[in-house]
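Visitor: Sequence first, then the predicted structure, then my questions.
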Number of protein chains: 2
Amino acid sequence: MTDAIDVLRSHRSIRRFKPDPVPEEDLLRAVEAGQQAATSSNIQGYSAIRVKDPAVRAALVPLTGGQAKVASSPLFLAICGDTRRHRLLAAREGTDYQPNLEGFMLAVIDATLFAQNMVIAFESMGYGTCYIGGLREDLPAVHKVLRTPEGVWPLFGLCVGRPDQDPERRPRLKTDAVLFDDRYPEDEDILAAIDDYDRVMHDWYRSNGIDTPDWSARIRQHFEEKRRTSNAAWYLGAGASFE
Amino acid sequence: MTDAIDVLRSHRSIRRFKPDPVPEEDLLRAVEAGQQAATSSNIQGYSAIRVKDPAVRAALVPLTGGQAKVASSPLFLAICGDTRRHRLLAAREGTDYQPNLEGFMLAVIDATLFAQNMVIAFESMGYGTCYIGGLREDLPAVHKVLRTPEGVWPLFGLCVGRPDQDPERRPRLKTDAVLFDDRYPEDEDILAAIDDYDRVMHDWYRSNGIDTPDWSARIRQHFEEKRRTSNAAWYLGAGASFE
């Protein structure tokens, strides 16, 4: 038995795994736990593709920015926002199916709830996990490699396996920098909380031997240019809009 | 101690609560557990606004499609995708900040991971929760009521309290209808799985006294028209694009 809050609080991403395979029953246990997560109006707008084929795994490595663990982790799932079921139902009955931003968001949120429950289930069974947001680097190419049909959007990957490392938990912003009562704070209070966090992370990077700019500088670099710009047109398919 | 997988598997949304307040320490425990969830490149693109002001709660009820529990639940959080910190850092240093679809998705996914960890933490402490996706019905109006600044997007609400009902868990699609090996299934296999689920849900609706069309008919109705169309332009602000 693994206490739920202990599992949540001890999360760190694991990026190096032992070679032990993940038994089928553990995977199914995690997927069932994932499916029990909330889903908007019970649409269940998600699916997971377990990539077993080594050639497909290898093809995904350069498409995720060169993350070798996508090929080497004992289990790799591509987590998809999935509107395929909804589309097929409309097509079968000849009713309209109207994709838009809200429909897209439903699938993104549903898939993320599903995935996070899986992560917690895996971690409670002693596995380590790592989300691979890099799967969105070039989605049209990923789509070809995974042969996903229209309306199925790989959103991120998930590597799973027995941990072969024991990294320190990374500090987060203070709780009062993300939880507010009634009123969103003034800009200067937000910036003061960031300056405080910069100091915490500065020390943490140093004590973990990580040579990197401060958190705030990393954030500015991250958003300085539009990223992954080939995805938007692809998400909804030709002729669709984000209205 | 509450076993993690038991918590995940026993989830149902709770829509009726006892009046007992949620003590501050339980809320903080949940928020800290939420913050420990994975976050893309540690951007922590989320925040939660606890709405205590009864007038604001009351104003949100019609904006969420008339959900009275938004006013009456012991605790109500507005979960936000939050890019405000990132924007303020760029503004302070005079560097570019380039919002686009990918930046939006990072915040949506981050906020959802944060929220789901909170849900599991609350449930492990014996609380019931209900996501309020209806908060997106008219986001420009919600934004005014919550007085959120540019770059803070309320994505959904979360009602929390001691359960005053004990609803049955709703069956989900079979696991092999959402977990695939290497290859996304053919259309006819997807439709067969849906027909199977329709029969399960038909019986479930009847045994729970719910008079409703079958799941597949509900899904078709759900996506027959574009919904919540006023949100897209608002999400990224004037002049921004989803590129």
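Guide: Nice, thanks for sending it over. Residues are numbered from 1 along each chain as shown, chains lettered A, B, ... in the order given.
Visitor: List the residues that contact A:Tyr97.
Guide: A:His86, A:Arg87, A:Ala90, A:Ala91, B:Arg220, B:Phe223, B:Glu224 (C-beta atoms under 8 Å, 6 or more residues apart in numbering or on different chains). Every residue, glycine included, has its C-beta placed from N, CA and C.
Visitor: Please tell me how far the fifth one sits from B:Asp189.
Guide: B:Arg220 sits 19 Å away from B:Asp189, taking C-beta to C-beta, to the nearest Å as the criterion.
Visitor: Following the record's annotation, map out the domains of chain A.
Guide: A:4-168, A:175-220 (automatic domain parsing).
Visitor: one step back: who's more crowded, B:Arg220 and B:Asp189?
Guide: B:Arg220 (21 against 13; other C-beta atoms under 10 Å in any protein chain shown).
Visitor: right, and that one touches A:Gln98 too?
Guide: No. With contact defined as C-beta atoms under 8 Å, B:Arg220 does not reach A:Gln98; the gap is 11.1 Å.
Visitor: Could you check how many residues crowd around A:Ala193?
Guide: A:Ala193: 17 surrounding residues under other C-beta under 10 Å.
Visitor: Return the residues in contact with it.
Guide: The contact partners of A:Ala193, by C-beta under 8 Å, 6+ apart, come to A:Leu173, A:Lys174, A:Asp176, A:Ala177.
Visitor: ok, now A:Lys52?
Guide: B:Asp181, B:Asp182.
Visitor: what's the answer for A:Ala58, then?
Guide: When the contact criterion is C-beta under 8 Å, 6+ apart, the partners of A:Ala58 are A:Ala71.
Visitor: State the helix or strand in which it lies.
Guide: In the assignment (DSSP states H and E), A:Ala58 maps to helix A:54-63.
Visitor: List the buried residues of that helix.
Guide: A:Val56, A:Arg57, A:Ala59, A:Leu60, A:Val61, A:Leu63 (16 or more other C-beta atoms under 10 Å in any protein chain shown).
Visitor: Quick check: closest non-adjacent residue to the first one.
Guide: In this structure, A:Val56 finds its nearest non-sequential neighbour in A:Val145, 6.0 Å apart by C-beta to C-beta, 6 or more residues apart in numbering or on different chains.
Visitor: what do you get for the second one?
Guide: For A:Arg57, the nearest residue in space outside its immediate sequence neighbours is A:Ala71; the separation is 4.4 Å by C-beta to C-beta, 6+ apart.
Visitor: Do I have it right that the one you found meets A:Val61?
Guide: Yes. Taking contacts as C-beta under 8 Å, A:Ala71 lies within contact range of A:Val61: 5.2 Å.
Visitor: give the contact list for A:Arg9.
Guide: Contacts of A:Arg9 (C-beta under 8 Å, 6+ apart): B:Glu32, B:Ala33, B:Gln36.
Visitor: among those, who's most crowded?
Guide: Most neighbours among the contacts of A:Arg9, by other C-beta under 10 Å: B:Ala33, with 25 neighbours.
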